[in-house]
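1. when you get a sec, could you give me coordinates for this:
(3 chains)
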Amino acid sequence: MPVEPNLRQNVAALLLAHYDRHARSLPWRAPPGSRNLPDPYRVWLSEIMLQQTTVAAVIPYFDKFTTRWPTVAALAAADEAEVMAAWAGLGYYARARNLIACARAVTQDHEGRFPDTEEGLRALPGIGAYTAAAIAAIAFQRRAVVVDANVERVVSRLFALETPLPASRPLIREAADAITPQARAGDFAQAMMDLGSSLCVPRNPQCLLCPLRSCCAAHREGRAEAYPVKAPKKDKPHRLGLVWWLERLDGHVWIERRADTRMLGGMAGLPDSGWDKGIARDAPPVAGEWVVLNRPVEHVFTHFRLTLTVQRLRVPAEAAPESPGQWWPLDRIGEAGLPTLFAKVARAVMKAGDD
DNA sequence: AATCCGTGGAA
DNA sequence: TTTCCAAGGAT
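-> Residues are numbered from 1 along each chain as shown, chains lettered A, B, ... in the order given. Below you'll find the predicted structure:
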C-alpha cells in the first residue's frame, strides 16, 4: 500500500479542518471548543451502545442510562435485571451482559478508572479492537488506529481498493494507519466516522461536498459508490417456532428469564419452543386447551427469519407453572423489559382480543 | 475463520 | 416488499 508521504498530512489536515466546522453535536462528545476532556465512562458507554447500532437509536438509551447511572460505579452497583430491562429494544444483548461485567471489573480491579491504553481496554469484557482504539483515542488522546465500518468505506474509496471485504481488512488497516495523524487521533477518528455517516455514505455519496475529494482515488474514477467491494452474502434461512402466552384471569402474564447462552440471553421472555437452534422445551409450561392465534408473529434476525405461532391459555388465579418465572401485570407490560420479538407477541395478543 | 448475535430506518 | 446496513465482539 504505497501512500505518498504528503497524502497522510493532506488527508488529516483537510478532514480535521472540516471536522472543526461541521462536527455533529452528540451527547457523549464534549461541547465544541470545550477544554474539558470527555468523560471516559460516557465515551465507553456510547461506544458499546453504538456497536452495529445507529446514532439515532442510541441517543435515547444513552440519555436514559447516564441519567439513571451517572458513573461507572453506579452502573456496577446496579441490579442486573434493571440494566437488562433498560437495554431492551436496543438489540445484541450480549453487549448488556458485558456492559455490567465491564463496569464491575473497572470498579473492582481498576479502582473505578478505565485503563488508558488500548491493551488495557482490550482486556475488558465487550471491548474489542475497534472499541479499545476508539476509547484510547477519544477519551485519552492516544494515537490509535480506529477502524469501524465507516472507516472501512472511506478508506476503501480513498484508495480504490479492489479487494472485497472482508479479505481487504488487513489492507484497510494499513491504509488507515498511514493516514492517522500523531496528534488529534480521537478527533480524526470521529471525523472519519462523521464523514462516513454524512457524506461518504454507502449509496449516493456526496462527493462534491467532501473535503477529501481531491485525495480520493474512487472519486477520481468517478465511481465512489462501487466501493467498498463486498463478498456476496448468504441468504437467510426461515425458522418456525412456538410461543406460549399464559394469562391469568386477574390480568397477569407468565414471563421467564432467558438463559444467558440462548438468543436474547439474559432478557425477559415468554415461554417458547426451541426456535433458536436447540434446546428449550417442546411442551407448553402447563397443560390445557391452548388456543392458536390466527396471525403468527413475523420477525427478522441478523441470520434468519422467524415465524412464531402464538398459543394462548387463560388460567385461574391460583394456577402456576412449575418452571421458574413470574406473573407480570398486563397493564404494565411495557415495563417488563421484553426484547422486541416478545413485545411484538404481546402486541399481537392484545390486538387479537377475545377471538 | 466463519458463524452467531437484534433492531429499525432508508431507499 | 425487499434489501441493505449501522461507532463489532465473542467463540
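
2. could you pull up the contacting residues of whichever residue of the stretch 1-150 of chain A sits closest to DNA strand C?
-> Across the stretch 1-150 of chain A, the shortest distance to DNA strand C (CB to the nearest atom of the strand) belongs to A:Gly128, at 2.6 Å. C-betas here are computed from N, CA, C, even on glycine. Counting by CB atoms under 8 Å, 6 or more residues apart in numbering, A:Gly128 touches A:Arg122.

3. next one: A:Ile127
-> Counting by CB under 8 Å, 6+ apart, A:Ile127 touches A:Trp44, A:Ile48, A:Cys102, A:Leu121, A:Ile135.

4. ok, now with 10 Å
-> When contacts are counted by CB atoms under 10 Å, 6 or more residues apart in numbering, A:Ile127 touches A:44, A:47-48, A:51, A:98, A:102, A:114-115, A:118, A:120-121, A:133-135.

5. so it belongs to a strand, correct?
-> No: read with DSSP: H, G, I helix; E, B strand; the rest coil, A:Ile127 is coil and lies in no strand.

6. for it, grab phi and psi.
-> phi -110, psi 110 (degrees, to the nearest 10).

7. check A:Leu306 too.
-> According to degrees, to the nearest 10, A:Leu306 has phi -130, psi 130.

8. isn't it right up against A:Asp276?
-> Yes: with contact defined as CB atoms under 10 Å, A:Leu306 reaches A:Asp276; the gap is 8.6 Å.

9. next, show the common contact partners of these two.
-> Common neighbours of A:Leu306 and A:Asp276 (CB under 10 Å, 6+ apart) are A:Arg239, A:Gly241, A:Met263.

10. pick out whichever of these sits closest to DNA strand B.
-> A:Met263 (3.9 Å).

11. any idea how far stretch A:208-222 is from the chain center?
-> Computed by CA atoms, centre = their mean, to the nearest Å, the chain-centroid distance of stretch A:208-222 equals 30 Å.

12. what distance do you get for the residue of the stretch 1-150 of chain A closest to DNA strand C to A:Phe114?
-> Applying CB to CB, to the nearest Å, the value for A:Gly128 to A:Phe114 is 15 Å.

13. next one: A:Ile59
-> From A:Ile59 to A:Phe114 the distance is 22 Å (CB to CB).

14. okay, these two: which has more neighbours?
-> More crowded of A:Ile59 and A:Phe114, by other CB atoms under 10 Å: A:Phe114, with 21 against 15.

15. show me what contacts the nearest residue to that one once chain neighbours are set aside?
-> Take A:Phe114 and drop its neighbours on the chain: the residue closest to it by CB to CB, 6 or more residues apart in numbering is A:Pro40, 4.4 Å away. Contacts for A:Pro40 (CB under 10 Å, 6+ apart) come out as A:Val72, A:Val106, A:Arg113, A:Phe114, A:Pro115, A:Asp116, A:Leu121, A:Ile135, A:Ala136, A:Ile138, A:Ala139, A:Phe140.

16. drop anything exposed from these.
-> Burial by neighbour count, judged by 16 or more other CB atoms under 10 Å, picks out A:Val72, A:Val106, A:Phe114, A:Pro115, A:Leu121, A:Ile135, A:Ala136, A:Ile138, A:Ala139, A:Phe140 from these.

17. for A:Val253, helix, strand, or coil?
-> Once three-state DSSP is applied, A:Val253 turns out strand.

18. pull the contacting residues for it.
-> By CB under 10 Å, 6+ apart, the contact list for A:Val253 reads A:245-247, A:270, A:312, A:326-330, A:333, A:336, A:345-346, A:349.

19. same check on A:Pro164?
-> Applying CB under 10 Å, 6+ apart, we find A:Pro164 in contact with A:Ser156, A:Tyr227, A:Pro228, A:Val229, A:Lys230, A:Ala231, A:Pro232.

20. same check, this time on A:Glu298
-> A:Arg305, A:Leu306, A:Thr307, A:Leu308, A:Lys344, A:Ala348.

21. quick check, A:Arg312 in a helix?
-> No: counting by three-state DSSP, A:Arg312 is not part of a helix but strand.

22. A:Trp244 is in contact with that one, correct?
-> Yes: if you go by CB under 10 Å, A:Arg312 and A:Trp244 touch, sitting 7.8 Å apart.

23. tell me the secondary structure of the closest residue to A:Ala268 other than its chain neighbours, please.
-> Of all residues not flanking A:Ala268 in the chain, A:Gly337 sits nearest, at 4.8 Å (CB to CB, 6+ apart). Classification of A:Gly337 using three-state DSSP returns coil.

24. for A:Gly337, give its distance to DNA strand B.
-> 11 Å (CB to the nearest atom of the strand, to the nearest Å).

25. with adjacent residues omitted, what lies nearest to A:Arg142?
-> Using CB to CB, 6+ apart and skipping residues adjacent in sequence, the residue nearest A:Arg142 is A:Ala136, 4.0 Å away.

26. ok, that neighbour - contacts?
-> With CB under 10 Å, 6+ apart, A:Ala136 has these contacts: A:40, A:43, A:114-122, A:142-144, A:146, A:185-186, A:189.

27. same question for A:Ala336.
-> A:85, A:88, A:253, A:255, A:267-270, A:326, A:328-330, A:342-343, A:346.

28. below-threshold pLDDT in chain A: ranges please.
-> A:1-6, A:8-9, A:32, A:278-280, A:355 (pLDDT under 70).

29. can you map out the strands along it?
-> All strands of chain A, identified by DSSP state E, fall at A:238-248, A:252-257, A:268-269, A:291-292, A:297-300, A:305-315, A:326-329.
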